[in-house]
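[1] What would the 3D arrangement of this be:
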Amino acid sequence: MKKLLLTLTAMAVMTPAIATAEYTFALVPKAMNNPFFDLARDGCYQAQSELADVTCEYIGPGEHTELEQIQIVQDLITKGIDGIAVAPSNAPAMGKVLEAAVAAGIPVMTWDSDLLPEDAGLRTTYVGTNNYDIGVNLAKLVQARHPDGGTICLQTGGAAAANHNERLKGARDTLSGMDMGNPPGTALTGEGGWTEIAGCPLITNDDGNVAVQGMTDILAANPDLTAFLSTGAFTQWFDNAYRQAAEPYKAKMDAGVLTIVVADTLPMQIGQTRDGLGNGLVGQRPYEMGYKAMFVLKDIAEGKSVDDPIFTGLDVCNNDNIDTCVQ
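    Numbering: from 1, shown residues only. Here you go, the predicted structure:
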């Protein structure tokens, strides 16, 4: 018996302990079939590999579906997840859901897209882009090519997405040279020399097919359009489809008659702009968002103070600097 106990003791010493993560944090995107959010996922997993006591649970709707995202967050709260980082598709609706997380003592932060200002107290911080500045820089790219103004069509994501509404306001304020009101701002009717055409802004709900078709229809129906500005990469996600849509207008873009600018700097977008099928990009840093989210949630869970907001910076590209603009 003594010999058996000694043997068991030796086996226990020789067998390595199975490490169990102390925290499981959820990174919730707007949709999982999205190359932008894929980069955030990769950053989240990289943070997991560096933090021995943290597991990244990347979970979100397969498609951009507001109700499904809300249900996922509700389920995470019910199962008692250790922390939630969410990019709200519908800011007011998500605010109501997160009240339950706060009541349960679950750390909450937002990334990519924030809650409405009146709900900001439900999360500890926001990690991501200054979305207003995306709109500002997209508008500046347009103004650099058309200093006298013209006609413009704006394209956006979800109508209730706070980040896209902030981008629209940034663009409208900059083009007009004045405050155009609360996000998304009032449509331009000649302010600063710019007028938004009928039928815009185009709502895409982050659907790449809808985005490309919308751009195709607008350009065909408005041959004298000066500029097309999209607040999200969805316009250019599907490389072949976008190239086919933009190719007929390349000569106009080369001549400076038409300008197309789009948010984000995903690889296919860099290639399209390099080939003259677009004139400017304002890129975010989604990998850094997903990476930082895990560290921030751990700090919150451990009672440490964190900055609010935490901006991850922008990359501004045009046809001249397209090979060097992304950090």
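
[2] Quick one: the helices in the stretch 51-200 of the chain, in order.
    66-78, 91-103, 131-145, 162-176 (DSSP state H, counting those that start in this stretch).

[3] Report all helices and strands that the second one contacts.
    For helix 91-103, the elements it packs on are helix 66-78, strand 83-86, strand 108-111, judged by 3 or more Cβ pairs under 8 Å, 6 or more residues apart in numbering; DSSP states H and E. Quick note: C-beta positions are derived from backbone N, CA and C, even for glycine.

[4] any chance of those in CSV, plus mean pLDDT, mean neighbour count and distance to residue 270?
    Formatted as CSV, the helices and strands packed on helix 91-103 follow (pLDDT from 0 to 100; neighbours: other Cβ atoms under 10 Å; distance: least, Cβ to Cβ, whole Å):
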stretch, mean pLDDT, mean neighbour count, distance to residue 270
helix 66-78, 98, 17, 29
strand 83-86, 98, 28, 27
strand 108-111, 98, 26, 23
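
[5] Residue 155: which of the ones you listed is closest?
    Ranking the helices and strands packed on helix 91-103 by proximity to residue 155 (Cβ to Cβ) places helix 66-78 first, at 18.7 Å.

[6] chain center to the closest one, what's the gap?
    Here helix 66-78 is found 19 Å from its chain centre; the criterion is Cα atoms, centre = their mean, to the nearest Å.

[7] if we can go back for a sec, just the helices of the stretch 51-200 of the chain: most buried one?
    The highest mean neighbour count among these, using mean count of other Cβ atoms under 10 Å, belongs to helix 162-176: a mean of 26.

[8] got the angle between it and helix 131-145?
    For helix 162-176 against helix 131-145, the angle by axes from the mean of the first three to the mean of the last three Cα atoms, to 10 degrees is 30 degrees.

[9] Turn the helices and strands packed on helix 91-103 into CSV, including distance to residue 224.
    Below are the helices and strands packed on helix 91-103 laid out as CSV (distance: least, Cβ to Cβ, whole Å):
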stretch, distance to residue 224
helix 66-78, 36
strand 83-86, 42
strand 108-111, 40
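
[10] before we move on, the earlier item: to residue 317, which of the helices of the stretch 51-200 of the chain lies closest?
    Judging the helices of the stretch 51-200 of the chain by Cβ to Cβ, what sits closest to residue 317 is helix 131-145, at 8.6 Å.

[11] Run through the neighbouring helices and strands of that closest one.
    helix 162-176, strand 227-230, strand 259-263, strand 280-283, strand 315-318.

[12] Is it possible to get CSV of the helices of the stretch 51-200 of the chain that adds distance to residue 196?
    Formatted as CSV, the helices of the stretch 51-200 of the chain follow (distance: least, Cβ to Cβ, whole Å):
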stretch, distance to residue 196
helix 66-78, 25
helix 91-103, 23
helix 131-145, 12
helix 162-176, 8
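
[13] Which of the ones you listed sits closest to residue 245?
    If you check each of the helices of the stretch 51-200 of the chain against residue 245 by Cβ to Cβ, helix 131-145 wins as the nearest, at 18.8 Å.

[14] Looking at the closest one now, give me its mean pLDDT.
    Throughout helix 131-145, pLDDT has a mean value of 98.

[15] about what we covered before: Serialize the helices and strands packed on helix 131-145 to a markdown table and add fields for mean pLDDT and distance to residue 82.
    What follows is the helices and strands packed on helix 131-145, written out as a markdown table (pLDDT from 0 to 100; distance: least, Cβ to Cβ, whole Å):
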| stretch | mean pLDDT | distance to residue 82 |
| --- | --- | --- |
| helix 162-176 | 97 | 25 |
| strand 227-230 | 98 | 36 |
| strand 259-263 | 98 | 32 |
| strand 280-283 | 98 | 31 |
| strand 315-318 | 98 | 33 |
